[in-house]
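[1] got a structure for you, letters missing:
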């Protein structure tokens, strides 16, 4: 079997195993207590997308290497990319779509589409090793910033 095929099978086996071991994500309760900073949540998602971007870069660098250490690192970067993209999906689903995007907002359809675009971009970043998907993920998150401006605390 060709080395690249072996690596691909190894990556799929590890990622598949990790998906079986994923623990549920716990997010903020769904009551309006008002203690969370929406801007900070968006910034956190941008950090996650930067991690996905770095992961994709390192996956590309390690892809042609066949030594055991490189294969180990490759798998670790794939898992890292998956975890951070999933964290973004969870934040959008469990926090923003349940508490911040509301049918009575005049721009509801636009907001819903932009938040959904983040979920789709995160899914594509999980499915693909090309850095362009991580870049698209970052751009989709940045499109949410006008909805959640930074509030200066006094």
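    The structure has been received and is ready for your questions. Being a predicted model, the structure only gives us computed values, none of them experimental.

[2] spatially central, which residue of the protein would that be?
    Centroid-nearest residue in the chain: residue 85, 1.9 Å away (criterion: Cα atoms, centre = their mean).

[3] wait, doesn't that one sit right on residue 51?
    No. Applying Cβ atoms under 8 Å, one finds residue 85 not in contact with residue 51, separated by 9.1 Å. (Each C-beta comes from the backbone N, C-alpha and C, glycine too.)

[4] show me where pLDDT drops low in the protein?
    The chain contains residues with pLDDT under 70 at 1-35, 152-154.

[5] the same query, at a cut-off of 50, please.
    In the predicted model, the chain carries pLDDT under 50 at residues 18-28.

[6] please, where are all the helices along it?
    Using DSSP state H, the helices of the chain run over 3-21, 38-62, 68-91, 97-99, 108-127, 131-142.

[7] what would the ones you listed look like in TSV with distance to residue 151?
    Putting the helices of the chain into TSV (distance: least, Cβ to Cβ, whole Å) gives the following:
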stretch	distance to residue 151
helix 3-21	37
helix 38-62	7
helix 68-91	19
helix 97-99	17
helix 108-127	19
helix 131-142	18
